[in-house]
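**Q** Predicted model follows, preceded by the sequence.
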Amino acid sequence: MTKSVALSEALFERAVKRIPGGVNSPVRAYGAIGESPRFIDRADGCYIYDVDGNRYIDYIDSWGPMILGHNFPAIRESVVKACEKGLSFGCATEIEVEMAEFICVHIPHIEMIRMVNSGTEAVMSAVRAARGYTGRNKIIKFAGCYHGHSDAMLVSAGSGVMTSGVPDSAGVPAGCTQDTMTAVYNDLDSVRLLMEQAKGEVAAVIVEPVGANMGVVPPAKGFLEGLRGLCDKEQAVLIFDEVITGFRLAFGGAAEYFDVKPDLVTYGKIIGAGMPVGAYGGRREIMEMVSPVGKVYQAGTLSGNPIAMAAGLTQLKYLHSHQEIYKDLAEKGQKLYGSMERMLRERGFGYQVNHISSLGCVFFTDTAVTDYQSAKTSDTAAFAEYFKAMLGMGIHLAPSQFEAMFLSAAHTDEVISETLEAAGKCLDA
Ligand code: KE4
């Protein structure tokens, strides 16, 4: 049970004076919850410990990177060892070649790859490469999908199909979003309609192959295959934003899991094992558009940083040589999310539990959630109460209805049982 949170509260009071909202990324402020955020001191395995010494079972997992659990010895040792040789050179290094070769050798649809420093940067660069390759400007994204905060991606999710994006953030000029069109997730007709209206103008369709930023919304049967067919017909680039699903659903990510081949893929999170790494890659003829070999400019002082590469490559190599982890995560996900669903039904709740492998969430709505509109029918106040009650019992969920729970290899059956027991008490209360 949570003891005092006095030190977290004191830190938050200081933080808000010097950092916007007291945090370096908005979701960490628990804005949707209305409680002072916990400041975390350290983490180990499936646990995080706040500055007041409270221990929590962690379902944020740093939003996905910690698939092997926190403080994984081999990753920590690889970082310490790399640090002894220097932190950054701004020159080419061997480990960047190893990282690129490792991914291209093991992920068949990736022929070339470029390292960057975040998922946002990966998406921004992949979109630019697709536009440079096709000579077209229009991008189709989906309401409820989040692809980082580059200007062209900050379009209002609106209701349904939007042919010309309206900025969803102050400071984004209309010019930056006018070429971003919004379709409806799991609705191929909405994509067809946009492609008809912008015939010959669509550079790319970008999709989260599993929606995980509106809560968890898996693709309907045939949806991803349908996008592949529509992009082939329209000669548009199909971009899978695998920042969350990459190396999580399977070693080859959602592309392997659903057996659908994108033209470009964006990565983040797991590829850096908690260090700042993003990447974009795919078909050689598209990637060779990128500077310095091609005319699409993209650069980065710390891209391919040797310490970050050491962490990320160690994690990828471990995942590749222990692929039983993916079956284990799927079984644990079935146990956690499947039991949650049973417990809700037993108590007469109609709430929805969407899940796929290690990703899942409880939507506080009786409506089946298949896209952003249906996700928004959720009772966010009820979610906030659930989050706070679970936090008080030492279970740290994602502090928003529209995020995912992340399971790691470090979450044991006992920890999952403890989580379910706490959830049962919350529902009974
Ligand atoms: P970053 O720039 O935050 O590394 O990645 C952006 C991004 C791109 N694509 C997808 C599918 C993503 O989920 C993300 C970032 N995910 C959020 C969690 N929902 C990051 C958490 C945060 O913003 O603090």
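**A** That came in fine, so what should we check first? Residues are numbered from 1 along each chain as shown.
**Q** Please determine how far Phe258 is located from the ligand.
**A** Separation of Phe258 from the ligand (CB to the nearest ligand atom, to the nearest Å): 16 Å. Glycine gets a C-beta too; all of them are placed from N, C-alpha and C.
**Q** In contact with the nearest residue to that residue once chain neighbours are set aside, which residues are there?
**A** Leaving aside its sequence neighbours, Phe258 sits nearest to Leu224 (CB to CB, 6 or more residues apart in numbering; 5.2 Å). Leu224 makes contact with 207, 209, 254, 258, 260 under the criterion CB atoms under 8 Å, 6 or more residues apart in numbering.
**Q** now do 7 Å
**A** 209, 258, 260 (CB atoms under 7 Å, 6 or more residues apart in numbering).
**Q** so it, which of the three states?
**A** Remark: Leu224 carries the secondary structure label helix [criterion: DSSP: H, G, I helix; E, B strand; the rest coil].
**Q** Out of the contacts of Leu224, the closest to Ser358 would be?
**A** Nearest to Ser358 out of those is Pro209 (CB to CB; 14.7 Å).
**Q** sec struct for the closest residue to the ligand within the stretch 201-350 of the chain, please.
**A** Scanning the stretch 201-350 of the chain for the residue nearest the ligand gives Val243, at 3.5 Å (criterion: CB to the nearest ligand atom). Assigned state for Val243: coil (three-state reduction, three-state DSSP).
**Q** What pLDDT is listed against it?
**A** Per-residue confidence at Val243 stands at 98 (pLDDT).
**Q** which ones are touching it?
**A** By CB under 7 Å, 6+ apart, Val243 lies in contact with 119, 122, 266-269.
**Q** at 6 Å what do you get?
**A** 119, 266, 268-269 (CB atoms under 6 Å, 6 or more residues apart in numbering).
**Q** For stretch 379-390, give me every contacting residue.
**A** Against stretch 379-390 from outside (CB under 6 Å, 6+ apart): 33, 35, 364, 397, 399, 401, 422, 426.
**Q** which one of those residues sits closest to Ile107?
**A** For the contacts of stretch 379-390, with Ile107 as the reference and CB to CB as the criterion, the closest is Leu397, at 31.0 Å.
**Q** Flag every residue of the chain that's near the ligand.
**A** Counting by CB under 6 Å from any ligand atom, the chain comes close to the ligand at 25, 27, 63, 118-120, 123, 146-148, 208, 213, 241, 243-244, 268, 278, 403.
**Q** tell me the contacts of Met112?
**A** 281, 284, 287.
**Q** From Leu420, how far off is the residue of the chain found nearest the ligand?
**A** Nearest residue of the chain to the ligand: Gly119, at 2.4 Å (CB to the nearest ligand atom). The gap separating Gly119 from Leu420 is 31 Å, by CB to CB, to the nearest Å.
**Q** So His411 is in contact with Cys46, correct?
**A** Yes: using CB atoms under 6 Å, His411 makes contact with Cys46 at a distance of 4.6 Å.
**Q** quick revisit: from the contacts of Leu224, which ones fall inside helices?
**A** The helices, defined by DSSP state H, take in Phe258 from these.
**Q** Would you reformat the contacts of Leu224 as JSON lines and include pLDDT?
**A** Listed next are these as JSON lines, based on pLDDT from 0 to 100:
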{"residue": "Pro209", "pLDDT": "98"}
{"residue": "Phe258", "pLDDT": "98"}
{"residue": "Val260", "pLDDT": "98"}
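**Q** if we can go back for a sec, now, which of the contacts of Val243 lie within strands?
**A** Among those, the members falling in strands (DSSP state E) are Thr266.
**Q** ranges for the strands of this structure?
**A** Using DSSP E, strands in the chain cover 40-44, 47-50, 55-58, 112-116, 138-142, 180-183, 202-207, 237-241, 264-267, 278-282, 352-356, 359-363, 395-396, 405-406.
**Q** Let me know how buried Glu346 is, in neighbour terms.
**A** 10 (other CB atoms under 10 Å).
**Q** of the residues of the chain next to the ligand, buried ones?
**A** Among the residues of the chain next to the ligand, the ones that count as buried by 16 or more other CB atoms under 10 Å are 27, 63, 118-120, 123, 146-148, 208, 213, 241, 243-244, 268, 278, 403.
**Q** And the helices in the protein, which stretches?
**A** Taking DSSP H as the criterion, the chain carries its helices at 6-18, 73-83, 94-106, 119-134, 174-177, 188-197, 223-234, 253-258, 284-287, 306-321, 324-346, 372-375, 380-392, 413-428.
**Q** tell me the most buried of those?
**A** Stretch with highest mean neighbour count among the helices of the chain: helix 119-134 (a mean of 25; mean count of other CB atoms under 10 Å).
**Q** and the angle from that one to strand 202-207?
**A** On the basis of axes from the mean of the first three to the mean of the last three CA atoms, to 10 degrees, helix 119-134 is oriented at 150 degrees to strand 202-207.
**Q** List the contacts of helix 119-134.
**A** Contacts for helix 119-134 (CB under 6 Å, 6+ apart): 116, 139, 147-150, 203-204, 237, 239, 243, 264, 266, 268, 278-280, 286, 289-290, 296, 298.
**Q** residues touching the residue most central in space within the chain, list them.
**A** The centroid of the chain falls nearest to Ile244 when counting by CA atoms, centre = their mean (3.1 Å). By CB under 6 Å, 6+ apart, Ile244 lies in contact with 64, 212.
**Q** And the residue nearest to Phe247 when sequence neighbours are not counted, how far from Ile395?
**A** Excluding the flanking residues, the one nearest Phe247 by CB to CB, 6+ apart is Ile270, at 4.3 Å. In this structure, Ile270 and Ile395 are 23 Å apart, going by CB to CB.
**Q** more neighbours, these two?
**A** Neighbour totals were compared for Ile270 and Ile395, and Ile270 leads with 26 against 22 (other CB under 10 Å).
**Q** Quickly list what the nearest residue to Leu194 once chain neighbours are set aside is bridged to.
**A** Closest residue to Leu194 apart from its sequence neighbours, by CB to CB, 6+ apart: Met181 at 4.8 Å. Beta bridges link Met181 to Ile140 when assigned by DSSP bridges.
**Q** mind checking pLDDT for Ala32?
**A** On pLDDT, Ala32 comes in at 88.
**Q** That one - how many residues pack around it?
**A** Ala32: 18 neighbours (other CB under 10 Å).
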